[in-house]
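Colleague: got a predicted structure plus its sequence, pasted below:
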Amino acid sequence: MPCVLLGIDIGTSACKVAAFDLDGEVLAASEEEYPTFYPAPGHVEQDPGLWLEAVYKAIRTVMSSGHIDPALIAGIGVDGQSWSCIPVDAEGDVLANTPIWLDHRGEDICRRLSERVDEAEILALSGNPLKPSYTTPKILWFKENMPEVYRRTRYFLQSNSFVVHALTGVYSQDVCQSYGLHVVDIATGQYDAAMCERLGIDQEKLPDIVPCDEVVGHVSRTAADLTGLRAGTPVVAGGLDAACGALGAGVYRAGQTQEQGGQAGGMSIVVDRPVVDERLILSRHVVPDRWLLQGGTVGGGSSLKWIVEQIGLAEEVAAQAAGSTTFAKVSELAASVGAGSDGLIFLPYLAGERSPIWDPHAQGVFFGLSFEKTRGHLYRSVMEGVAFSLLHNIRTAAQAGVAVDEMFSIGGATNSAVWTQIKADVTGKTIHAASADSATTLGAAILAGVGVGAYADFDEAVRKTTRLRRTHHPESKNHVRYQASFDLYAELYEQLKETMAKASVVSASIWRRGEMEGRR
């Protein structure tokens, strides 16, 4: 009897659901968007209830469009965006919107925590720096600013564990996503009760930690009615989207590297032991006994999406006339401009920046604008700026003793051969393009397949399901040219970071003044 695996991905801008056969072929797929809210400076939220509406709708679409018999689905895996903080009560009802990974409202909390708890101790235990993007300060923000929500919270969930609970009624915390909690020992994957107490987090509000491929529950009758799934279908714990994307690209052995071309950018290097560097991010892989040393930038595909939304009407019209896509037309314009964008540099810090600079006040910058610059220059400089942020993290990893050889690229940006070549030229690394749009959901599905025994192990799963589409080798002439551009990119931030911090204070003051005037 044919076997189907379902992968669910809770991304930053949309959820994706895909059904796969055991050879990794997509049988049907669907995508549903949801909004992001910016209620105050530094606050970036989403409504988990809207996630569920999108997930249920996408599952129904996949089931109907693929003519998939629910009885053939052997297992379901769920992955999701990192560092969520979803407060749910004893009945599983959401008590407040979740701050997402772009949110840095906990900056002051991190500062005060570091005054009473040695940051070096936190880093040594958790493998990660105490920064506002993570889940830890968000939990404490609820405790300080919404005490009634904190009191009523039964559990704080991650994006994937929230969806897993909605499908099964079971609460869980997968070991991969636990890297957002500085009370988890990165080496053992277990909670540290002493650190919970020192940081002021009630451990009973954190679900038990489980392996990513463990079957934690089964689709409930209620969820079956909402989705068209069969009640009793096994659901595994799942994990981080970047980690599932790495697995879906075949990146699971020590020394392999995934390049992330989604809404966020960055890279994930597989290591066989915890490698701690305060400038980078360390999580467990969804594969047992592996870790991911990560570099994550806020401005990946979202940077290009933003600029296209502002100035890309002509490309949208041209794409419609040619039966093409706006993204393809934008890539064509970018290709018409030479490497280095004739001196135009873009800093992709559109919502602060994560690794390696960890600056919530960092701001986006175009440097080198002049009358002769075109939309093509703007598009290409954005692509190059994202590539520079990737190189920044690769160089930081090398300083930490972990070198990158070649990379396996996933995410929507990988659909642009132009952008992928830019990344190869900037970094000087060979890049293999995996299945860009399905790698992450495939990784989630692989977890389900391993968890229910459809595959003997991860080796068999990867061998049967993963494929490469094309390979990009760096062009030496462009690589040399980009070194000077990168040096300028790095220098610009160093010269502007104090001004950025001042501007952030001014912006927050203007917002508060407007709020006060609006209440009068």
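Modeller: Yep, it's here. Residues are numbered from 1 along each chain as shown.
Colleague: show me the protein divided up by domain.
Modeller: 4-242, 301-428+475-519 (automatic domain parsing).
Colleague: for residue 293, find the nearest of those.
Modeller: domain 301-428+475-519 (5.5 Å; CB to CB). To be clear about C-beta, it is placed using only N, CA and C from the backbone, and glycine gets the same treatment.
Colleague: touching, residue 308 and residue 330? I think so.
Modeller: Yes. Contact criterion CB atoms under 8 Å: residue 308 and residue 330 qualify, at 5.8 Å.
Colleague: in the sheet, which strands lie alongside the strand or helix carrying residue 156, parallel or antiparallel?
Modeller: Remark: residue 156 resides in strand 155-157, with elements defined by DSSP states H and E. Strand 155-157 has the following sheet partners, assigned by DSSP bridges: strand 86-88 (antiparallel).
Colleague: mind checking how far the partner strand is from the chain centre?
Modeller: 20 Å (CA atoms, centre = their mean, to the nearest Å).
Colleague: report the distance from the next helix or strand after that strand to the chain centre.
Modeller: Moving toward the C-terminus from strand 86-88, the next helix or strand (DSSP H and E) is strand 98-99. Chain-centre distance of strand 98-99: 14 Å, with CA atoms, centre = their mean.
Colleague: who's in contact with strand 98-99?
Modeller: 43-48, 84-87, 105-106, 138, 141, 159 (CB atoms under 8 Å, 6 or more residues apart in numbering).
Colleague: residue 308 and residue 330: which is more packed in?
Modeller: The residue with more neighbours, out of residue 308 and residue 330, is residue 330; 29 against 20, by other CB atoms under 10 Å.
Colleague: from what I see, the more buried one and residue 305 are in contact.
Modeller: No. Judged on CB under 8 Å, residue 330 makes no contact with residue 305 at a distance of 10.0 Å.
Colleague: contacts only, for residue 451.
Modeller: Here residue 451 is in contact with 75, 77, 213, 214, 215, 234, 236 (CB under 8 Å, 6+ apart).
Colleague: can I assume the third one is in contact with residue 237?
Modeller: If I follow you right, that is residue 213. Yes. Residue 213 is within contact range of residue 237, at 7.5 Å (criterion: CB under 8 Å).
Colleague: can you check which residues contact both of the two?
Modeller: In terms of CB under 8 Å, 6+ apart, residue 213 and residue 237 are both contacted by the residues residue 447.
Colleague: how confident was the prediction at residue 516?
Modeller: Here, the pLDDT recorded for residue 516 equals 62.
Colleague: residue 1 now?
Modeller: 53.
Colleague: repeat for the one 4 residues further on
Modeller: Note on residue 5: pLDDT of 98.
Colleague: likewise residue 112?
Modeller: The predicted local confidence for residue 112 is 96.
Colleague: helix, strand, or coil at it?
Modeller: helix (DSSP: H, G, I helix; E, B strand; the rest coil).
Colleague: and it, how many neighbours does it have?
Modeller: 14.
Colleague: now the end-to-end length of stretch 6-18.
Modeller: End-to-end distance of stretch 6-18 (CA to CA, to the nearest Å): 6 Å.
Colleague: wasn't residue 403 part of a helix?
Modeller: No. Counting by three-state DSSP, residue 403 falls outside a helix, being coil.
Colleague: the residue nearest to it when sequence neighbours are not counted in helix, strand or coil?
Modeller: Counting by CB to CB, 6 or more residues apart in numbering, residue 403 lies nearest to residue 397, which is 7.4 Å off, once chain neighbours are set aside. Classification of residue 397 by three-state DSSP places it in helix.
Colleague: ok, so of the contacts of residue 451, who is nearest residue 364?
Modeller: Closest to residue 364, out of all of the contacts of residue 451 and judged by CB to CB, is residue 77, at 34.8 Å.
Colleague: report the buried residues of the helix or strand hosting that closest one.
Modeller: Residue 77 is part of strand 73-80 when elements are defined by DSSP H and E. By 16 or more other CB atoms under 10 Å, the buried positions in strand 73-80 come out as 73, 74, 75, 76, 77, 78, 79, 80.
Colleague: more crowded one of residue 213 and residue 237?
Modeller: Neighbours per residue, other CB under 10 Å: of residue 213 and residue 237, the larger number sits with residue 237, 30 against 25.
Colleague: my read: the more buried one touches residue 172, true?
Modeller: Yes. The criterion here is CB under 8 Å, and residue 237 meets it with residue 172 at 5.0 Å.
Colleague: quick check: neighbours shared by those two?
Modeller: What both residue 237 and residue 172 touch, as defined by CB under 8 Å, 6+ apart, is the set 161, 164, 210, 216.
Colleague: in what helix or strand does the last one lie?
Modeller: Right, the one you point to is residue 216. strand 215-218.
Colleague: gap between residue 494 and residue 365?
Modeller: Distance of residue 494 to residue 365, computed by CB to CB, to the nearest Å: 12 Å.
Colleague: same question, residue 329
Modeller: 25 Å.
Colleague: looking at the two, which is more packed in?
Modeller: Taking neighbours as other CB under 10 Å, residue 329 and residue 365 compare with residue 329 leading, 22 against 18.
Colleague: list the residues that contact the nearest residue to that one once chain neighbours are set aside.
Modeller: The shortest distance from residue 329 to any non-neighbouring residue, by CB to CB, 6+ apart, is to residue 315 (4.0 Å). By CB under 8 Å, 6+ apart, the contact set of residue 315 is 308, 326, 329, 330, 333, 375.
Colleague: equivalent analysis for residue 209, please.
Modeller: 173, 174, 175, 178, 184, 189, 190, 191.
Colleague: distance-wise, check the residue sitting nearest the centre point of the chain relative to residue 230.
Modeller: Nearest to the geometric centre of the chain sits residue 81, at 4.7 Å (CA atoms, centre = their mean). Look at residue 81 and residue 230: by CB to CB, they are 28 Å apart.
Colleague: and what of residue 178?
Modeller: 30 Å.
Colleague: so for these two, which residue has more residues nearby?
Modeller: Shown here are residue 178 and residue 230; by other CB under 10 Å, residue 178 has more neighbours (26 against 14).
Colleague: name the SS class of the more buried one, please.
Modeller: Once three-state DSSP is applied, residue 178 turns out helix.
Colleague: per-residue pLDDT, it?
Modeller: 98.
Colleague: what is the burial count for residue 61?
Modeller: By other CB under 10 Å, neighbour count at residue 61 equals 17.
Colleague: okay, now residue 443: neighbour count?
Modeller: Residues near residue 443, counting by other CB under 10 Å: 37.
Colleague: just residue 503 next, same as before
Modeller: 13.
Colleague: out of the contacts of strand 98-99, who's nearest residue 131?
Modeller: Nearest member of the contacts of strand 98-99 to residue 131, counting by CB to CB, is residue 106, at 8.6 Å.
Colleague: tell me which helix or strand the closest residue to that closest one other than its chain neighbours sits in.
Modeller: Leaving aside its sequence neighbours, residue 106 sits nearest to residue 137 (CB to CB, 6+ apart; 2.7 Å). Counting by DSSP H and E, the element that carries residue 137 is helix 135-145.
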